[in-house]
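*Asks:* Here is my input; please provide its structure:
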Amino acid sequence: MKHRLCIALSVLTGGLLLLLLLGLGPSSDAPLRMVFASSASSASSASSSSSSASGRDPGVHAAGTSNESASPDVSAAPGPSLNGEGFHLGDHHQLPSRGADNLFFIESSCAVGDPRRGIKRAAMNARQGCAVESAALANPNSTVYFLSTCPSNEGSDGEQVAKEVFSYPNVKSLQVELSSYLNDTPLGEWILRGSLNESSYPVEHSSDILRLATLWKFGGLYLDLDFVVLRPLAGLGWDFAVAESDGLVSNCVLGLSARGVGREVAQSCLGELLARFDGRQWAYNGPYLVTRVLSRLCGGAPVSQMTAGKCRGFAVLRPQSFFPFYYPRWALLFDEGASDSTMELVLRNGTYAVHAWNKLSRARPVRAGSRQPYALLARRFCPRVYSSAGDTF
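*Replies:* Numbering: from 1, shown residues only. Next up, the predicted model:
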């Protein structure tokens, strides 16, 4: 009997050793980065090792669930591993569902290079937080996703803003690792060639790529992080873009359904990136790319005539719907002297959201309590962020 037991143990030990030699044993180098943002209610009580109650991947809690008995040190606890979609998963985060009512914002500052090399970024600045909060308030039936390429920065500036934003039950945060995220898209092999690393505008071009890949993967609506959303967006449908000018379609806001013409547009946009990516030009892979793709879809129609009837169900909306004033007039948002006329232009012109033209306006402060139009909009449409932002917004 003892002899047989020894033989059995020897066989078992040998088998385990063979598995380890073949590389099939447990990995010790799984990514350990944490998603930086969590809801205010879960920041100190959620356990990163719990499994989802909704059947999603381990390490992801269904919205509104938590492990109240555990209070791990988030900065020291091992983080979740990268899942098959290219996300780093953490507590109280929910993967997008294909074809669902998804609304996406993307922070691409850390997409290229090593995001851990001494970069100290705010968890979320106030204007970004205002965009996300205003979208969540105006669209309570949508799931609003904040996808970030940056790692956790516990204790950084803006952490309170992030907590306010993620206190909304329909707002979720996920950290994205670019190459893994693109792996199951037509850009999977292209991203490994390093063209993006050689771009003159890596942050902007990463954002161009990520928004198109996200809509290709899941479908939904994408918005830039410098909007203030004023009205529900559901009535616009899913397959639409917005004219930035008479000859250009913007990629600041883009709705693409997961099937039909939206899926076709997403596929064509990724194909255009593969064939004609140009890292030397700022807007070539963004609004100009979208304009080229839609021109083909709409039979060469000018932007002003890209209607659903001419574009097989895809519509290009008039500029006023999201750009009540064009970029040369961006300073109107900061001018107290023109406050009344600017607010009337914004609120009484059928505008769904206001674009702040952040590339031009980001250095101009918004003073809390002032009559600057940006401050008035923030107080009304993103009240939690506005109240937590301090003296300047």
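*Asks:* Contact partners for M306?
*Replies:* A243, V249, L294, C298, F314, A315, V316 (Cβ atoms under 8 Å, 6 or more residues apart in numbering). (Each C-beta comes from the backbone N, C-alpha and C, glycine too.)
*Asks:* which residue sits closest to it, ignoring its sequence neighbours?
*Replies:* Spatial nearest neighbour of M306, excluding adjacent residues (Cβ to Cβ, 6 or more residues apart in numbering): V316 at 3.8 Å.
*Asks:* In a markdown table, list the contacts of M306 along with secondary structure, distance to P151 and pLDDT.
*Replies:* Output for the contacts of M306, formatted as a markdown table (DSSP: H, G, I helix; E, B strand; the rest coil; distance: Cβ to Cβ, whole Å; pLDDT from 0 to 100):
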| residue | secondary structure | distance to P151 | pLDDT |
| --- | --- | --- | --- |
| A243 | strand | 37 | 98 |
| V249 | strand | 34 | 98 |
| L294 | helix | 36 | 98 |
| C298 | coil | 41 | 97 |
| F314 | coil | 37 | 98 |
| A315 | strand | 39 | 97 |
| V316 | strand | 37 | 98 |
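*Asks:* follow-up on the earlier one: so the residue nearest to M306 versus P302, what's the distance?
*Replies:* 10 Å (Cβ to Cβ, to the nearest Å).
*Asks:* So which of the two has more stuff around it?
*Replies:* V316 (25 against 11; other Cβ atoms under 10 Å).
*Asks:* Test my guess that the more buried one contacts F240.
*Replies:* Yes. Counting by Cβ atoms under 8 Å, F240 is a contact partner of V316 at 7.0 Å.
*Asks:* residues near P140, how many?
*Replies:* The number of residues near P140, taken as other Cβ under 10 Å, comes to 11.
*Asks:* R362 too?
*Replies:* Using other Cβ under 10 Å, R362 has 12 neighbouring residues.
*Asks:* which ones are touching it?
*Replies:* Counting by Cβ under 8 Å, 6+ apart, R362 has contacts R127.
*Asks:* which one of the contacts of M306 is nearest W357?
*Replies:* Of all the contacts of M306, W357 sits closest to A243, with 15.7 Å by Cβ to Cβ.
*Asks:* Is it correct that that closest one is in contact with Q320?
*Replies:* No. Taking Cβ under 8 Å as the definition, A243 is not a contact partner of Q320, at 9.4 Å.
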